[in-house]
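*Asks:* coords please:
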Amino acid sequence: MSKKVLLLLMTCFFLLISCKKENTKRETTQKAENSIRHAKGLEIYDYEGYSIVKVTNPWPKAEGGFTYILKKENGIVPDSLQHFTTISVPVKSIIVTSTTHIPSLEMLGMENTLVGFPDTDLISSEKIRTLIDAGKIKNLGQNESINTEIAIDLTPEVLVGFSIDSNNKTFNNLEKAGLKILYNGDWTEQTPLGKAEWVKFFGALYDKKQQAEAIFKSIEKEYTEAVKMVQKTAKRPTALSGGMFQDTWNLPQGDSWVALFMKDANIDYLWNDSKGTGSLALSFEQVLEKAQNADYWFAPGMFSTLKEMKETNSHYAQFKAFQTGNVYSVTVKKGAKGGIRYYEQASNRPDLVLKDLIKITNPELLPEYDLYFFQKLN
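*Replies:* Predicted coordinates for the structure are as follows:
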């Protein structure tokens, strides 16, 4: 072997070692900050060519979370991350399983990527209903028992699901069949802005992070400005919520998502001091004793009129809010097939929920605003 050839080989060898060291150095020293500010169960870290998405609280009391790698075209994912589920972005076809996922797709302008959904009648969105009617979105049956054959035949690039615990046989079977399952934990968030920030989860999937950030910042701004505005008022009306189911009155606990809305709207929710993020189960007598003279009654159940309420339970008429007609429902405004607008959109648009409550209790603060979710029962 000539000296020139030997010198050339040695040079190539040292260059290769140098490149490997540089790549290793870049992999171990490159850092990114979590771009999530309010959501407690979501983390997103952006790197050159890929992102790391962590769903840390997929369901209540989860012992662990999930990590997903979203890889851009020509992006290079480090070897240390290869064992995680990797999704090529932007996603071009998707199945989602909760109506709360629908608004994110719409806000990002990606509703045309939706190919399947369980029980499509639950969807209230006019845009999505048009796609359903055109046969572009398939009905996958019930959420508890998704039609796996249809889901597999649709060959979505990703299925975004949710689960109440670690036992989800349907998703496990779909994963074994080759579908990529991503768990979404938006429903476990306990603050209005925490739920809304999950639009960034979908922004990452569609490689529209800047757009998702702009959408959330606008919602965040509207929400915080509305809070500041109403907190300056001296008027602080009292309120109750919920209604009877069989022999039990269910109403939100003081740390719940619903209770926080009333607090931010400067409403004295009469069970605001109760601890917990779920619901209280009380007797009719307990509620009547404490809330008979409450100024407002929110979300009494699946009623369209006060007459329906009284026919269901004549004792409802004993409440001052019923007598004065200050009863407001979130279940009246529905889509073409009966899907309820509030259940679909409220977690994505907390600014509108808050403004509704302010409009009801302090209408002079929002003279030009029309109720979006709530409706006064006649």
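
*Asks:* wait, what's in contact with the residue most central in space within the chain?
*Replies:* Against the mean C-alpha coordinate of the chain, by C-alpha atoms, centre = their mean, the closest residue is D186 at 3.9 Å. Going by C-beta atoms under 8 Å, 6 or more residues apart in numbering, D186 touches 39, 98, 100-101, 162, 195, 198, 201, 347. To be clear about C-beta, it is placed using only N, CA and C from the backbone, and glycine gets the same treatment.

*Asks:* Just these: which are in helices?
*Replies:* Of the positions in those, 195, 201 sit in helices, assigned by DSSP state H.

*Asks:* and the two most separated of the contacts of D186?
*Replies:* Maximum pairwise distance among the contacts of D186 (C-beta to C-beta): 15.5 Å, between A39 and S98.

*Asks:* neighbour count winner among these two?
*Replies:* Per other C-beta atoms under 10 Å, whichever of A39 and S98 has more neighbours is A39, with 27 against 19.

*Asks:* Contact partners for that one?
*Replies:* Per C-beta under 8 Å, 6+ apart, neighbours of A39: 186, 189, 194-195, 197-198.

*Asks:* hmm, back to that, ok, and the closest non-adjacent residue to the residue nearest to the centre of the chain?
*Replies:* W198 (3.9 Å; C-beta to C-beta, 6 or more residues apart in numbering).

*Asks:* what do you get for L182?
*Replies:* Leaving aside its chain neighbours, L182 sits nearest to V160 (5.1 Å; criterion: C-beta to C-beta, 6+ apart).

*Asks:* What does the pLDDT read for that neighbour?
*Replies:* With respect to pLDDT, V160 scores 97.

*Asks:* Which strand or helix spans it?
*Replies:* Per DSSP states H and E: V160 is located in strand 158-161.

*Asks:* Give the pairing partners of that strand; include direction for each.
*Replies:* strand 94-96 (parallel), strand 181-183 (parallel) (DSSP bridges).

*Asks:* ok now the first one, how far from the chain's centre?
*Replies:* In terms of C-alpha atoms, centre = their mean, to the nearest Å, the centre of strand 94-96 is set 14 Å apart from its chain centre.

*Asks:* Quick one: residues in contact with it.
*Replies:* Counting by C-beta under 8 Å, 6+ apart, 102, 105, 113-117, 140, 151, 154, 156-160, 184, 205 sit against strand 94-96.

*Asks:* same deal with stretch 335-342?
*Replies:* Counting by C-beta under 8 Å, 6+ apart, 99, 120-126, 129, 330-331, 333-334, 344, 353, 372-373 sit against stretch 335-342.

*Asks:* Please pick the buried ones from those.
*Replies:* 99, 120, 122-125, 129, 330-331, 333, 344, 353, 372-373 (16 or more other C-beta atoms under 10 Å).

*Asks:* Determine whether the claim that I69 is in a helix is correct.
*Replies:* No. Using DSSP: H, G, I helix; E, B strand; the rest coil, the assignment for I69 is strand, not a helix.

*Asks:* What sits closest to it if chain neighbours are left out?
*Replies:* Per C-beta to C-beta, 6+ apart, closest to I69 is T86, 4.4 Å.

*Asks:* Can you measure across stretch 75-84, start residue to end residue?
*Replies:* Stretch 75-84 has an end-to-end distance of 15 Å (C-alpha to C-alpha, to the nearest Å).

*Asks:* got the buried residues for it?
*Replies:* Per 16+ other C-beta under 10 Å, stretch 75-84 contains these buried residues: 75, 77-78.

*Asks:* Which members of the residues you listed occur in strands, if any?
*Replies:* When these are checked against strands (DSSP state E), there are no matches.

*Asks:* and which of the residues you listed is nearest Y223?
*Replies:* The nearest one, if we look at the buried residues of stretch 75-84 relative to Y223 and count by C-beta to C-beta, is G75, at 34.2 Å.

*Asks:* which ones are touching that closest one?
*Replies:* 48-50.

*Asks:* if we can go back for a sec, I'd say the residue nearest to D186 and W187 touch.
*Replies:* No. Using C-beta atoms under 8 Å, W198 is not in contact with W187; the gap is 9.2 Å.

*Asks:* Going by how many neighbours each has, rank the two and give me the top one.
*Replies:* W198 (27 against 17).

*Asks:* Please give me every residue in contact with the more buried one.
*Replies:* Counted by C-beta under 8 Å, 6+ apart, W198 has contacts 39, 42, 104, 184-186, 189, 347-348.

*Asks:* Distance to Q211 and pLDDT for those - can I get that in CSV?
*Replies:* Shown next, in CSV, are the contacts of W198 (distance: C-beta to C-beta, whole Å; pLDDT from 0 to 100):
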residue, distance to Q211, pLDDT
A39, 18, 97
L42, 17, 97
S104, 11, 97
N184, 19, 97
G185, 22, 95
D186, 18, 96
E189, 21, 94
S347, 19, 96
N348, 14, 97
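
*Asks:* Can you tell me which of the residues you listed is closest to A212?
*Replies:* Nearest member of these to A212, counting by C-beta to C-beta, is S104, at 8.0 Å.

*Asks:* okay, now T67: neighbour count?
*Replies:* Neighbourhood size, T67 [other C-beta under 10 Å]: 15.

*Asks:* Brilliant, that's me finished.
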